[in-house]
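Student: just to be clear, the model below is a prediction. Sequence and coordinates:
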Amino acid sequence: MHELAVTQAIIDAITEKMGEARICSVRLEIGVLSGVLVDAVRFCFDLVAEGTPVEGAVLVVDEPPGRARCRDCDEVFGSDHLILLCPACGSAHAEVLSGRELLIKSVEVSPACAPPAGAQG
């Protein structure tokens with residue numbers, strides 16, 4: 001299950017950037033063509049966050065749909081499947097335009113635990 005490693009990398013990136021600040025929520029963007037199972041990330045999130053400043057944070061996941069362009073007939077089409085077939089001509093020669101995203105969109109820090117702006121650390 002590579003989602004465990006993906007989730008660990010997300011938690012590591014957040015704690016590396018945010019330090020010991022208590023995290024209230026995390027918003028991710030995981031495209032439907034990314035190959036990452038969102039339900040598995042949700043399952044792993046609390047386990048991986050345990051004992052870190054991210055523990056107890058709310059996880060919100062946006063799932064942008066897949067869009068592709070056929071390189072043979074130039075048709076632009078939506079797809080939620082990793083195997084892209086043009087609905088116009090049947091070609092598999094497609095370029096993914098969106099849906100492969102795997103991004104940390106935002107992290108909300110608890111004001112009660114966050115150091116004041118400009119504080120020296």
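Tutor: Structure received.
Student: how about the helices in the chain?
Tutor: 2-18, 38-49 (DSSP state H).
Student: could I get those in TSV, plus columns for mean neighbour count and mean pLDDT?
Tutor: From N, CA and C alone the C-beta is placed, and that goes for glycine too. Below are the helices of the chain laid out as TSV (neighbours: other Cβ atoms under 10 Å; pLDDT from 0 to 100):
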stretch	mean neighbour count	mean pLDDT
helix 2-18	16	96
helix 38-49	17	97
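Student: need those helices in a markdown table (columns: distance to residue 30).
Tutor: A markdown table is the format used below for those (distance: least, Cβ to Cβ, whole Å):
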| stretch | distance to residue 30 |
| --- | --- |
| helix 2-18 | 9 |
| helix 38-49 | 5 |
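Student: quick one: closest of the ones you listed to residue 78.
Tutor: When these are compared by Cβ to Cβ, helix 38-49 sits nearest residue 78, at 17.8 Å.
Student: can you show me the CA trace of the closest one as PDB?
Tutor: Output of helix 38-49 as PDB, limited to C-alpha atoms (Å, rounded to 0.1, in the frame of the first residue of the first chain):
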ATOM      1  CA  VAL A  38      -8.200   8.700  -1.200                       C
ATOM      2  CA  ASP A  39      -9.900   6.400   1.200                       C
ATOM      3  CA  ALA A  40      -6.600   4.700   2.000                       C
ATOM      4  CA  VAL A  41      -5.000   8.100   2.700                       C
ATOM      5  CA  ARG A  42      -7.900   9.000   5.000                       C
ATOM      6  CA  PHE A  43      -7.400   5.700   6.800                       C
ATOM      7  CA  CYS A  44      -3.600   6.200   7.200                       C
ATOM      8  CA  PHE A  45      -3.800   9.900   8.100                       C
ATOM      9  CA  ASP A  46      -4.700   9.500  11.800                       C
ATOM     10  CA  LEU A  47      -2.300   6.600  12.300                       C
ATOM     11  CA  VAL A  48       0.700   8.400  10.700                       C
ATOM     12  CA  ALA A  49      -0.200  11.800  12.500                       C
END
